[in-house]
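>>> predicted model and sequence below, questions to follow.
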Amino acid sequence: MLFMIIVKASKNSEAGKLPSLELREAMTKYNEELVKAGVRVMAKGLHPSSNGIRLLYPKQGEKPVVTDGPFTETIAGFILIDVKSREEAIDWAMRMPDPQGHGEGQIELRQVIEF
């Protein structure tokens with residue numbers, strides 16, 4: 001079962017501020033544990049939404065409206081994991097250190113639809 005651990009953006013990540021060295025080391029250790037367990041498929045961080053572009057489809061059949069960032073309610077990165085159960089995915093998500101390190105951390109866990 002594929003799950004995406006979505007790291008929500010914060011004021012600091014949107015400002016392009018890198019986490020502390022201590023947090024980067026903790027996240028490296030966490031990612032190494034995922035790899036060692038054979039469950040990590042991919043992990044990536046994203047540039048701030050100020051570098052992003054959003055396409056909105058307000059009317060069916062018409063061209064989308066293009067909007068430049070920044071945006072509210074955005075993500076800072078993700079980890080894709082392949083696990084045996086929802087419970088295992090929750091367990092791995094619970095092990096993640098605060099991804100923002102400033103008391104702003106928030107993650108979301110979502111199962112990937114597989115056709």
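On my side now, so go ahead.
>>> distance of residue 11 relative to residue 55?
To residue 55, residue 11 is 25 Å away according to C-beta to C-beta, to the nearest Å. Placement of C-beta: from N, CA and C, glycine included.
>>> same check, this time on residue 43
Residue 43 sits 25 Å away from residue 55, going by C-beta to C-beta.
>>> residue 29 now?
On the measure of C-beta to C-beta, residue 29 and residue 55 end up 37 Å apart.
>>> got it, and residue 9?
For residue 9 relative to residue 55 (C-beta to C-beta), the value is 19 Å.
>>> so which of the two has more stuff around it?
Using other C-beta atoms under 10 Å as the criterion, residue 9 and residue 55 rank with residue 9 on top: 24 against 9.
>>> which residues does that one contact?
Neighbouring residues of residue 9 by C-beta atoms under 8 Å, 6 or more residues apart in numbering: 48, 49, 74, 75, 76.
>>> pLDDT value on it, please?
Here, the pLDDT recorded for residue 9 equals 93.
>>> run a quick neighbour tally on residue 78.
A count of nearby residues for residue 78, using other C-beta under 10 Å, gives 17.
>>> repeat for the one 5 residues further on
Residue 83 is flanked by 19 other residues according to other C-beta under 10 Å.
>>> mind listing what's buried in the helix or strand bottoming out on mean pLDDT in the chain?
When the helices and strands of the chain are scored by mean pLDDT, DSSP states H and E, helix 11-14 comes last with a mean of 89. If you call a residue buried by 16 or more other C-beta atoms under 10 Å, then helix 11-14 has these buried ones: 13, 14.
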